[in-house]
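Asker: Got a predicted structure here, sequence first:
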Amino acid sequence: MPDAVGFFTDTTVCIGCKACQVACHQWNDLPAEGMQAADPQRRSLPLLSGDSYDNTRSLSDVNWRHVKFIEQFSADRKQAAWLMMSDVCKHCVNAPCLEVCPTGAILRTEFDTVFINEPACNGCRDCVTACPFGVIHMSMSRGVAQKCTFCYDRLRNGFTPSCAQACPTGSIKFGKIAELKRQARERLAQLQRERDPNGQPVWPGAQLYGEDEKVLGGLNAFYLLVDKPETYGLPSNPKLPSRAVPPSSLWSVLTAFLTALGVLFAFRGRTSSERRGSSPPDSGHAAHSAGTSPAARPTDGGHA
Amino acid sequence: MNPFVADPEWGIWIILYFYLGGMASGAYFLATLVALFGHEEDSVVSRVGYRLALPLIMICGVLLIVDLERPDRFWHMMFQSEVVSSALEQGWPLGGWETMLYAINLKHWSPMSIGAWALALFGLCATLSFVGTLWSEGRLNRLLAHGIVGRTLQVVGSVVGFFVGSYTGVLLSASNQPLWSATDWVGPLFLASSASTGIAAVLLVLHVGRGASATTLERLEHANLWSLTLELGVFLIFLASLLTILPSLERLLPMVLETRPGRVLVIGTLVMALLVPLVLHLLPGQQAWAAIAASVCVLVGGYALRFGMLETAPALLEASHEPPRTPVWLGTALAVALPVATVILIFAVRWLLAKEWAMTVAQHLTVTLGAALVCAVVIFYAFGWEVGLPEGRLPGFSPEQDRERGGGVGASALNRPDPPEAPLKMRSKIFGWVHER
């Protein structure tokens, strides 16, 4: 069994060149988004979002890598900073999508990555509800769920995933998890040591996201961030879907029991005519029907 | 609330499935209880219940298949397609039976996986019970509606039927979507609504069809009244669970009320599915029009509940892109108002029930206890305490739960594109065997 592999993405050295996005499109033969527009007039036009330098907006069925541009301004709007982050499937150690997938189309590979086996997927979209990062999307043209494959085909042939191969600044680092964790901690310590001329830390918000077990048992694609995770569109406390099943089921069983009790009360209790017949309110059990009702024998549901 | 998730676009087909599937399960459950414990003269109720359940659940199957992006692959829900392929290569059904056994796909921790099996089983029970109602005597009727076989069928059908009615809510909670995953009470709420819509549908058919005696109709109205009272309690608890303070120091209920589907969910359900029918049922005297109007309201309100629940999550995602508009005091005000309203409402209903309907001591006790319980839970939630099983109470419930890095396949199926070993050596996790490499 090969070692678990992953991506360590150091967002501090990302320059927003989108080489990862392009390399991903090329290797995986993903169409350009503008080509998908329903309006034939728009198909040849570039899609401009007006949202910073980001024209693909989010991960999608045809964008398995997405470089986020987060613009931050000071209160007087005189100072601005850009946070850039190459987003991708996190290949969670405890993967919500894989957990709920009813067809078994979402698999864990021998590299500890999460992979959608397209021929098995039937497009139920349960994985879309489960993914806390909004990674998985349905492909309307192919009718199956789509996301980063961690270049499973390349891994099996001993190659680096195409995005990490293409990254010119080393922001996306590929390797064995243990080695990546060591690099990440070293880099974090280096950032935390840096001081500005006033002696204040330069990177007060520097933190690792998904390196340890706190987020879904760990993320195989983990990040070095310089602000809180929400700023980058990452939830700080995502949960496994199955956590809701035992309590919800318990309350449902309780409700079912009370429903049954209610129906029994109604069908074994007294009707108004019977009440008029018997004067004092009887203190017996509800199942004892008084007076006029026929013998308390179960009826036969099959016929009138 | 996690605003970074994607919208699954579960639309009209799923809403209709949740609605009609719930109604079918409620009708079947009612039919079984009446068949097992009811009076001879009420057997028309169980006949109508079984006859309603089958067509409804058949429509549900179609709706679910149509909703899939690849309808031809609906059977993948129950069997691992790649393993089935290798079984076929081995010549199944002439051989390859062992492989075929491993192809069974059942993840007990995934509501959709187990729900697919429950739905199939419920469909089977509904079909057989339906056939049992076609003849009032004869061998088929004796087999399917009476005796050990018939009774077992009805009980199993009711259990899986109620599972079908409630797992849809648990399925929503078992996600990371806003609203759905924020509360444990969608499952119980859907179940209570399944019961009330199922009973209302039977009541409507009997009223319009004029095939039932006045006594039967009265009993059925009482049953509907019970189920509505229960649903009211569960709905109030559901609303209160949305008042729990989130880590972002917000409460979800004001945000829900801000969206259009959220208003359908909260106000539509409360008025159409609960308050109006309750008032109509509790009107003095027994009037046919009131019962019919109440049933129609319950049916409309049941749809409003499913529609509101499904559509509010995407609406909340949409709204999260804009700065919040609800003032903080609204959440606090609701947290104070809801427990007060609950106490008034619950005890008003309790008083009306006692007044309109001479209850036995057991019934009195049940209603009072239930009312007190609802009030207590609502107050607990509204003041910010988590009520529910603490997380991780069931260790090992899902193989994904405590999986460590590099810790094997987890909740993954063996549905490999190229199985590392011959399929015969594959072991199914359902039967407690492990993946051998």
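Answerer: It's in. Residues are numbered from 1 along each chain as shown, chains lettered A, B, ... in the order given.
Asker: For A:A256, see how far away B:P277 is.
Answerer: 21 Å (C-beta to C-beta, to the nearest Å). For every residue, glycine as well, the C-beta is placed using N, CA and C.
Asker: Please say which of these two ends up with more neighbours.
Answerer: B:P277 (29 against 22; other C-beta atoms under 10 Å in any protein chain shown).
Asker: how about stretch A:134-144: buried residues?
Answerer: A:G134, A:V135, A:I136, A:H137, A:M138, A:S139, A:G143, A:V144 (16 or more other C-beta atoms under 10 Å in any protein chain shown).
Asker: near chain B, from these?
Answerer: A:G134, A:V135, A:I136, A:H137, A:M138, A:G143, A:V144 (C-beta under 8 Å from any C-beta of the partner chain).
Asker: so which pair among those is furthest apart in space?
Answerer: Within those, A:G134 and A:G143 form the most distant pair, 20.0 Å apart (C-beta to C-beta).
Asker: burial count for B:A333?
Answerer: 12.
Asker: Next one: it relative to B:M309, how far apart?
Answerer: 24 Å.
Asker: same check, this time on A:P246
Answerer: From A:P246 to B:M309 the distance is 21 Å (C-beta to C-beta).
Asker: do the same with A:L208
Answerer: A:L208 is 37 Å from B:M309, by C-beta to C-beta.
Asker: From the neighbour counts alone, determine which of those two ranks first.
Answerer: B:M309 (26 against 20).
Asker: How about A:P201, nearest residue that isn't a chain neighbour?
Answerer: A:R195 (6.2 Å; C-beta to C-beta, 6 or more residues apart in numbering or on different chains).
Asker: OK, contacts around the residue at minimal distance from the centre of chain A?
Answerer: Nearest residue to the geometric centre of chain A (C-alpha atoms, centre = their mean): A:C131, 1.6 Å. By C-beta atoms under 8 Å, 6 or more residues apart in numbering or on different chains, A:C131 lies in contact with A:P96, A:C97, B:V5, B:A6, B:N176.
Asker: Quick check, pLDDT for the closest residue to A:L59 other than its chain neighbours.
Answerer: Closest residue in space to A:L59, ignoring its immediate chain neighbours: A:H66 at 4.7 Å, by C-beta to C-beta, 6+ apart. Looking at A:H66, its pLDDT is 95.
Asker: Show me the two of the contacts of A:C131 that sit farthest apart.
Answerer: Every pair of the contacts of A:C131 checked by C-beta to C-beta; the farthest is A:P96 and B:A6, at 12.3 Å.
Asker: OK, contacts around B:V328?
Answerer: Counting by C-beta under 8 Å, 6+ apart, B:V328 has contacts B:E250.
Asker: hang on, the earlier thing: what confidence value was assigned to the residue nearest to the centre of chain A?
Answerer: Value for A:C131, per-residue pLDDT: 97.
Asker: For B:E231, see how far away it is.
Answerer: 32 Å.
Asker: Check whether stretch B:92-105 comes near chain A.
Answerer: Yes - against chain A, stretch B:92-105 shows contacts by C-beta under 8 Å from any C-beta at B:N105.
Asker: Only alpha carbons, please: show that stretch as CSV.
Answerer: Output of stretch B:92-105 as CSV, limited to C-alpha atoms (Å, rounded to 0.1, in the frame of the first residue of the first chain):
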residue,chain,number,x,y,z
TRP,B,92,-24.2,-14.9,-13.3
PRO,B,93,-26.8,-16.3,-12.8
LEU,B,94,-25.2,-19.6,-13.8
GLY,B,95,-22.2,-18.8,-11.6
GLY,B,96,-20.7,-15.9,-9.8
TRP,B,97,-23.3,-15.9,-7.0
GLU,B,98,-20.7,-15.2,-4.3
THR,B,99,-19.6,-12.1,-6.2
MET,B,100,-23.3,-11.1,-6.6
LEU,B,101,-23.8,-11.3,-2.8
TYR,B,102,-20.9,-8.9,-2.3
ALA,B,103,-22.5,-6.5,-4.7
ILE,B,104,-25.2,-5.6,-2.2
ASN,B,105,-24.7,-2.0,-1.2
